[in-house]
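K.L.:
predicted model and sequence follow; I will ask about them next.
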Amino acid sequence: MKPSKRLGFTNIILLVIGIVVAVIIVGSLFLIKQNKKEKSYIPAPTNVPATSAPRSSIQWKTYTNDFLKFKLDYPVNWSILELDTDVIFASTKEGLNRDETRKNELRVFIGRTSLLESQDLEKYVAEIDKRSKPEVLDKESIKVDDNNAIRRIINNEYKSLIIYIQSGSRIFTISATPADSELMPIFDQMLQTFKFTN
C-alpha cells in the first residue's frame, strides 16, 4: 500500500509540473507571436535633400504615433520605420537598418517601456548602467514636453545621445546616432516639437 501511495503522489507532482511547463511554453509562444515585429516603412520623398540648415529652410511634416502616444515634426525627406514598440527616423533609407551611421547621416530611435512599481527615472537609468556599463561622457537633467528627462552622451562602439523621459509610469527613450553627426541641429529641432498625445 505505501509504495502505491508514493507512486500516486509522485504521479500527481509530475502531472502538476507537466501542466506548469506546458502553460509556460504556450504562454511564451503566445508572447513571441504578439511581439513579432511587423515593419511598416514610410518612404520619403526623393526630391528634397537632407540638410542641417535652419528650420525655416527645411520642409517639415508632423508624425503622430497613436500606439506610442507621441508626435513630433521631422524633415519630409527622412525615412521612417515603424515597429511594434518603437519608431526609427533616419536621414537616409540605409540608416534605418544600422545603428552606426556616418557623420553626415543621423538615425533617431524612439521607444517606450513601462516602469516597474518601485522605479522612477533615476532608478531606471541606474538599472541600465548596472546591466550595460556604458561610458557616460556627458549627463544632464532636462525637460521634454514639461516632463523630467535625463540627457546623456554615451560611448560604446560609437557615440550616441540618449534621452530618457518619464511620463507617468512610462519611460520614453529617444536616441540620436552618431552624437557627433553634422545633422544634430535637426535632431534638436525635432526634439523641441516632441509632444505626448495622451
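P.N.:
Perfect, thanks for sending it. Here the structure is a predicted model, which is why all the values come from computation and not from measurement.
K.L.:
when you work out contacts or count neighbours from here on, use the C-alpha atoms and nothing else.
P.N.:
OK.
K.L.:
for this structure, which segments count as helices?
P.N.:
In order along the chain, the chain carries the following helices (DSSP state H): 2-35, 121-132, 184-193.
K.L.:
can you list contacts of the second one?
P.N.:
Contact partners of helix 121-132, identified using C-alpha atoms under 8 Å, 6 or more residues apart in numbering, comprise 115, 149, 150, 164, 165, 166, 171.
K.L.:
what about 10 Å?
P.N.:
For helix 121-132, contacts defined as C-alpha atoms under 10 Å, 6 or more residues apart in numbering pick out 114-116, 118-120, 133-136, 148-150, 156, 164-167, 169-171.
K.L.:
could you do the shortest one as well?
P.N.:
Counting by C-alpha under 10 Å, 6+ apart, helix 184-193 makes contact with 50-55, 58, 60, 62, 71-75, 91, 103-108, 144-145, 161, 163, 174-179, 181, all of which sit outside it.
K.L.:
same question for it, mean pLDDT?
P.N.:
Average pLDDT, helix 184-193: 94.
K.L.:
just use 20 as the starting number from now, easier for me
P.N.:
Renumbered: residue one is now 20, and that last one reads helix 203-212.
K.L.:
put the alpha carbons of that helix into CSV.
P.N.:
Written as CSV, here are the backbone C-alpha positions of helix 203-212 (Å, rounded to 0.1, in the frame of the first residue of the first chain):
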residue,chain,number,x,y,z
MET,A,203,22.4,67.1,-34.7
PRO,A,204,20.9,70.6,-35.1
ILE,A,205,18.0,68.9,-36.9
PHE,A,206,17.6,66.5,-34.1
ASP,A,207,17.5,69.4,-31.6
GLN,A,208,14.7,70.9,-33.7
MET,A,209,12.8,67.6,-33.8
LEU,A,210,13.1,67.3,-30.0
GLN,A,211,11.7,70.8,-29.5
THR,A,212,8.5,69.6,-31.2
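K.L.:
can you list the buried residues in that helix?
P.N.:
Applying a neighbour-count criterion of 16 or more other C-alpha atoms under 10 Å, one finds 203, 205, 206, 208, 209, 210 buried in helix 203-212.
K.L.:
what is the nearest of the residues you listed to residue 32?
P.N.:
Closest approach to residue 32 among those (C-alpha to C-alpha): residue 210, at 56.3 Å.
K.L.:
ok, now which ones touch residue 162?
P.N.:
Residue 162 sits in contact with 168, 169, 170, 184, 185, where contact means C-alpha under 10 Å, 6+ apart.
K.L.:
so what's the third one closest to, chain neighbours aside?
P.N.:
So that's residue 170. Spatially, and ignoring its direct neighbours in sequence, residue 170 is nearest to residue 182 (4.4 Å; C-alpha to C-alpha, 6 or more residues apart in numbering).
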